[in-house]
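J.: make a model of this:
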Amino acid sequence: MSDAPKAELIERFAPFGLVLSVLFVGLLTLYPLLPAILWGIVLGIAVAPLHQRLLARLGNRRALAAAITGLGLALCFVVPALGIARALASFLPSALNWVERVALAGLGKPPEPVLNLPLIGASIAELWHSLGTDLSSFTTHFGDEIKAILVWFAYESEVLGIFVFEFAIGVILAVLLVYNFDRVTELSHKFFDRLGGTFARRMAALSVQTTRQTVIGVLGAALAQTLVATLSYVIAGVPGALIWAGITFILALIQIGPALVFVPMAIWLWIQGQPGMAIFVLVWGLIVVNIVDNIVRPLLVSKGTHVPAILAFLGALGGLVEWGLVGVFLGPVVVAVCYEMILKWIEPDTLPD
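T.: Prediction:
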């Protein structure tokens, strides 16, 4: 090949190679922040309609509207995330002390409410003693391993800091997106036009629609259920209420239900000699929380996307494994978008315009 064609090929493909190299380096740089970036995009898409209505009410004062939106997102996500992280960090030393106590003395004497139960009190007390002996033996033999695991968790507490950091970055990015809503919308339309024309633009519109619907239908329903359940935890004075709130949210998100939290909690309160609070937590969970589940959830889901429960579960689990705690929130949204895109790709006539 002569020098002229070589020079022409280099001149033609060098800019393309340079662009690919820059994109690769950029993606490599931002990869550690990918969960936070995706979460920020999800939040920005979800709150954009509310932000636009707020912007119109404030006379198109973009900075003020963005500040109010950011404050609301911080109160909804960053502050609870910080509280859960602090509660988990303070829980680890207590768990370590409990393991040491059980290894030395077992579970101790059964509480008086257990001993005073008619007919079954003696049987439960015997089971309690047997369980305490077995647990003491287990912790004696494996105490060092259990302590090592708890200490490892304590040293890995930066994971909790990353959780709060990712939520904060996501909120900041969401605020920037809604602040520049018109410009972002224009650029996204141009990008998808260049990428695949009308079909790509319609698929992008579907992704935006599904993201908003999933946040409302799945995350919103789980959040409503968690807020109602957490109110009973706080009133009952349960230690680590924010931790139980986080567990309740995850169970509601994967549609197992918070009964796995409030039923054992009621039993624990009763054993601790607080029968009134035990009855309150149990009745509140069975009636009020179930009302939210049976009324509010269908109302929100009717406005949202119909994601199969198994996909929401797999999305939360896969997100947790791949992206950490923020993935619990992000996973169901990503899976829902993929699910809807596949369905609409099979039937393209149903795509939104």
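J.: please identify which helix or strand holds residue 59.
T.: Per DSSP states H and E: residue 59 is located in neither a helix nor a strand.
J.: kindly state the pLDDT recorded for it?
T.: At residue 59, the pLDDT value in this model is 87.
J.: for it, what are its contacts?
T.: With contact set as CB atoms under 8 Å, 6 or more residues apart in numbering, residue 59 has no partners. For every residue, glycine as well, the C-beta is placed using N, CA and C.
J.: can you show me the strands along this protein?
T.: Counting by DSSP state E, one finds no strands in the chain.
J.: and it, what are its domains?
T.: The record's domain parsing of the chain by automatic domain parsing lists 35-163, 197-353.
J.: in terms of mean pLDDT, which of those ranks lowest?
T.: Least confidently modelled of the domains of the chain is domain 35-163, at a mean of 69 by mean pLDDT.
J.: okay, how far is it across it, tip to tip?
T.: 10 Å (CA to CA, to the nearest Å).
J.: ok, now stretch 54-67?
T.: 11 Å.
J.: pull out the buried positions in it.
T.: By neighbour count on 16 or more other CB atoms under 10 Å, the buried set for stretch 54-67 is 54, 55, 65, 66.
J.: Throw these into a markdown table and include distance to residue 337, thanks.
T.: Below are these laid out as a markdown table (distance: CB to CB, whole Å):
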| residue | distance to residue 337 |
| --- | --- |
| 54 | 25 |
| 55 | 26 |
| 65 | 27 |
| 66 | 25 |
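J.: wait, which of those is closest to residue 20?
T.: Nearest to residue 20 out of these is residue 66 (CB to CB; 34.2 Å).
J.: residue 166 versus the closest one, what's the distance?
T.: 20 Å (CB to CB, to the nearest Å).
J.: what's the answer for residue 49, then?
T.: Taken as CB to CB, the span from residue 49 to residue 166 is 24 Å.
J.: between the two, who's got more neighbours?
T.: residue 166 (26 against 11; other CB atoms under 10 Å).
J.: contacts only, for the more buried one.
T.: Residues near residue 166 by CB under 8 Å, 6+ apart: 33, 35, 36, 39, 324, 326.
J.: quick check, nearest of the residues you listed to residue 61?
T.: For these, the nearest to residue 61 is residue 39 (26.7 Å; CB to CB).
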